[in-house]
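A.B. asks: coords below, sequence missing:
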Ligand SMILES: [Mg+2]
């Protein structure tokens, strides 16, 4: 008998290639708005600054220090401020366009569909994400990932955010799973891995960029296909 019945996957940066999809979206918006005409900043600069600011805002969101609307209202003004570009050059509705465009992108990490096919034959698969309902649904459909998952738990539907135990308890109740028969797979040490530890659930850290940590990690893979050797 396999040890686990349920596998909970994180979505962003674990299956759906957030960085690649965000980069493609930002480059597209830079071009459609002709932002080069100001001669103030290059698309690469906007992309790099986006990742810095976005990371900070999501860490604050995960820690319950800000809400969803704060991410949306603060993100691009902060990016422009950090690039020292006048806010007047930020096109109206840029955030809304970004939020509408990005989830339609479909790039996933290598072998995502293969490994989900393999795991789906052995375990019940679910998503547990700190993202938002409509956005995450759109990403799952755009990337042809929705079909693999029985339940999708978001920070909106659970009214809680990883690493808080409440989102995991909500997920267990919804799926009939328990910490003992479940496994968490995700890229983020402070949300996915800390969250799994908080509820005593086993986990595998997806670490594609080979980050170093002082934490003692149960199990770790650098690419999704290696999950085959463990599960
Ligand atoms: Mg993630």
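C.D. replies: Received the coordinates, thanks. Note that the structure is predicted; figures quoted are calculated from it, not measured.

A.B. asks: Smallest gap between the chain and the ion, at which residue?
C.D. replies: residue 13 (3.8 Å; CB to the ion). (Glycine included, C-beta is placed from N, CA and C.)

A.B. asks: Determine the number of other residues adjacent to the spatially closest residue to that residue that is not a sequence neighbour.
C.D. replies: Nearest non-adjacent residue to residue 13, counting by CB to CB, 6 or more residues apart in numbering: residue 187, 4.4 Å away. Applying other CB atoms under 10 Å, we find 21 residues neighbouring residue 187.

A.B. asks: pretty sure residue 187 contacts residue 15?
C.D. replies: No: Residue 187 lies out of contact with residue 15 (CB atoms under 8 Å); the separation is 9.5 Å.

A.B. asks: near the ion, which residues of the chain show up?
C.D. replies: Counting by CB under 5 Å from the ion, the chain comes close to the ion at 10, 12-14, 187-188.

A.B. asks: can you rerun that using 8 Å?
C.D. replies: Applying CB under 8 Å from the ion, one finds that the chain approaches the ion through 10-14, 18, 129-130, 186-188, 191-192.

A.B. asks: ok, back up a step: show me what contacts the residue nearest to residue 13?
C.D. replies: Counting by CB atoms under 8 Å, 6 or more residues apart in numbering, residue 187 makes contact with 10, 13-14, 205-208.

A.B. asks: Secondary structure of residue 45: a helix, I assume?
C.D. replies: Yes: assignment of residue 45 by DSSP: H, G, I helix; E, B strand; the rest coil places it within a helix.

A.B. asks: what's the neighbour count on the closest residue to residue 17 other than its chain neighbours?
C.D. replies: Nearest non-adjacent residue to residue 17, counting by CB to CB, 6+ apart: residue 107, 4.3 Å away. For residue 107, the neighbour count with other CB under 10 Å is 15.

A.B. asks: how close does residue 107 get to residue 208?
C.D. replies: 13 Å (CB to CB, to the nearest Å).

A.B. asks: now do residue 230
C.D. replies: For residue 230, the distance to residue 208 - CB to CB - is 16 Å.

A.B. asks: go on, residue 75?
C.D. replies: Residue 75 is 24 Å from residue 208, by CB to CB.

A.B. asks: The two: who's more crowded?
C.D. replies: Between residue 75 and residue 208, counting by other CB under 10 Å, residue 75 is the more crowded of the two (20 against 15).

A.B. asks: Could you list the buried residues of the one helix or strand that one maps to?
C.D. replies: Here residue 75, judged by DSSP states H and E, is contained in helix 68-82. Of all the residues in helix 68-82, those buried under the rule 16 or more other CB atoms under 10 Å are 71, 74-76, 78-80.

A.B. asks: now do stretch 24-33
C.D. replies: Of all the residues in stretch 24-33, those buried under the rule 16+ other CB under 10 Å are 24-26, 28-30.

A.B. asks: Repeat that for stretch 115-131.
C.D. replies: 115-116, 118-119, 123-131.

A.B. asks: what does stretch 220-231 give?
C.D. replies: 220-221, 224, 226-227, 231.

A.B. asks: cool, stretch 6-24 as well?
C.D. replies: For stretch 6-24, by 16+ other CB under 10 Å, it's 6-18, 21-24.

A.B. asks: cool, stretch 189-201 as well?
C.D. replies: 189, 191-199, 201.

A.B. asks: List of residues touching stretch 59-68?
C.D. replies: Stretch 59-68 is touched from outside by 57, 70-71, 74, 130, 132, 156, 161-164, 190-191, with contacts defined as CB under 8 Å, 6+ apart.
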